[in-house]
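>>> Okay, sequence plus prediction incoming.
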Amino acid sequence: MTKRSRRRRKQRVVITGIGGNFGRAVARRLHRQYDVIGIDRRTVRHMPKDIEIEQVDIRRRRVEDVFRREELDAVVHLNIMHDPRTQQEEHHQFNIVGTQKVFRLCAEHRVPKVVVLSSADVYGPDPRNDQFLSEEAALMGGQNFEAIRDLIALDMFCNTFFWRHPEIETVILRPVHIVGRVNNAPSKYLRLQKPPTIMGFDPMVQLIHVEDVVTAVERALTPGIRGVFNIAGPSPVPLSYVLNELERSPRPLPEPMLKSMLKTAWTLKLSDWPVPELDHIKYVCMVDDSLAREMLGFEHSHGLNQILRDVQKGPEPW
């Protein structure tokens, strides 16, 4: 197919991982302004009719057809596996090898913009953390949590790509805990009626509404924007405050007991939370998002009360 002139069409944006909750949210926002092509190995349903869907694994050769067909203006890479039960080899193959392929295709086909969703989890919760971590802080989240190591490797690869291909505007977003009408680990924890907590610990936490992260992606597509950006929502609050506002009845337990219970539940597949996740309800990991507010012009629009109301509602019925 002959490539059409950019001047005669809307900009075309590829979204990888469009089948996930966040991918659908991004697609539903972006399709109003862009021609959206979604890529996912999963079956994708309940999408606007003008969104083109390619059901293909990003590691497969057929994904190259999407890049060959027409001149693309941007790629939003969200196709990152977070399931802690998946074997480490599969995690590596999908996250690292898949991302490398997407970025190689972007370089070969001269895609001018790439936006990647990483996470503030790459910094890692730690008692030695500065009060607010900047984008230059060390990525220490994989010290005790194997599942985060691939995310750190992916983040570092994207940073390397940023310097090797200055002709491509690469944007790496590191949002704090994304909650709202999604079904990820932080939202599931906050929906527990009797969430476990670690006796003697009440860390400050940062939450951000899923739609505000979509806004950050939208802002990252602005021409001229490149770099790494922490993305945060309302001011941080103690975990106990969040649970109180949600009218939860937390169960404070000694750490050794809670670790033992969680390990057993994980082994018996009664829980989806691996033991290292406990660090997130024990230690602080707060980020400084001033760069995103200054350079991206990003501002969160959902306050804490609205965020918690949407957590209560449960995930979108997609």
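That came through, no problem. Numbering: from 1, shown residues only.

>>> mind listing the helices for the stretch 51-200 of the chain?
64-69, 88-92, 98-108, 146-164, 185-191 (DSSP state H, counting those that start in this stretch).

>>> Could you check the angle the longest one makes with helix 98-108?
In this structure, helix 146-164 runs at an angle of 10 degrees to helix 98-108, with axes from the mean of the first three to the mean of the last three CA atoms, to 10 degrees as the basis.

>>> What is helix 146-164 packed up against?
When contacts are defined as 3 or more CB pairs under 8 Å, 6 or more residues apart in numbering; DSSP states H and E, helix 146-164 sits against helix 88-92, helix 98-108, strand 113-117, strand 169-175, strand 227-231. Placement of C-beta: from N, CA and C, glycine included.

>>> hang on, the earlier thing: ranking the helices of the stretch 51-200 of the chain by mean pLDDT, which is last?
Lowest mean pLDDT within those: helix 88-92, a mean of 75.

>>> Counting neighbours, what do you get for Thr222?
13 (other CB atoms under 10 Å).

>>> Over to it. Which of the three states is it?
Following DSSP: H, G, I helix; E, B strand; the rest coil, Thr222 is assigned to coil.

>>> what's the nearest residue to it if we skip its chain neighbours?
In space, and not counting its chain neighbours, Thr222 is closest to Leu296: 7.5 Å by CB to CB, 6 or more residues apart in numbering.

>>> doesn't Val287 make contact with Asn129?
No - under the contact definition of CB atoms under 8 Å, Asn129 does not touch Val287, with a separation of 9.8 Å.

>>> Between these two, tell me which one has more neighbours.
Higher neighbour count among Asn129 and Val287: Val287, with 25 against 18, using other CB under 10 Å.

>>> where exactly do the strands run in the chain?
Here the chain has its strands, by DSSP state E, at 12-16, 35-40, 52-55, 74-77, 113-117, 169-175, 177-179, 196-198, 204-205, 207-209, 227-231, 237-238, 251-253.

>>> How about the helix or strand of the chain with the lowest mean pLDDT, which residues are buried there?
Counting by mean pLDDT, DSSP states H and E, the chain has its least confident helix or strand at helix 88-92, which shows a mean of 75. Neighbour counts using 16 or more other CB atoms under 10 Å place 91-92 of helix 88-92 among the buried residues.

>>> if we look at that helix, which residues are touching it?
81, 146-147, 150 (CB atoms under 8 Å, 6 or more residues apart in numbering).

>>> Among those residues, name the buried ones.
81, 147, 150.

>>> And for Val287, nearest residue in space, chain neighbours not counted?
According to CB to CB, 6+ apart, the nearest residue to Val287 is Asn230 (4.0 Å).

>>> Could you list the low-pLDDT ranges of the stretch 201-318 of the chain?
Scanning the stretch 201-318 of the chain for pLDDT under 70 picks out 317-318.

>>> just the helices in it please.
Here the stretch 201-318 of the chain has its helices, by DSSP H, counting those that start in this stretch, at 210-220, 239-245, 255-267, 290-291, 304-313.

>>> deepest of those helices, which one?
helix 210-220 (a mean of 22; mean count of other CB atoms under 10 Å).

>>> Remind me what it packs against, helices and strands.
Judged by 3+ CB pairs under 8 Å, 6+ apart, helix 210-220 is in contact with helix 21-30, strand 113-117, strand 169-175, strand 177-179, strand 227-231.

>>> quick one: that helix to helix 21-30, angle?
60 degrees.

>>> what does helix 210-220 contact?
With CB under 8 Å, 6+ apart, helix 210-220 has contacts from 21-22, 25-26, 29-30, 76, 115, 117, 171, 173, 175, 178-182, 225, 229, 231, 233, 292, 296-298, 300-302.

>>> Now tabulate the helices and strands packed on helix 210-220 in JSON lines and tack on mean neighbour count and distance to Pro254.
JSON lines is the format used below for the helices and strands packed on helix 210-220 (neighbours: other CB atoms under 10 Å; distance: least, CB to CB, whole Å):
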{"stretch": "helix 21-30", "mean neighbour count": "21", "distance to Pro254": "35"}
{"stretch": "strand 113-117", "mean neighbour count": "25", "distance to Pro254": "36"}
{"stretch": "strand 169-175", "mean neighbour count": "25", "distance to Pro254": "32"}
{"stretch": "strand 177-179", "mean neighbour count": "24", "distance to Pro254": "25"}
{"stretch": "strand 227-231", "mean neighbour count": "24", "distance to Pro254": "33"}
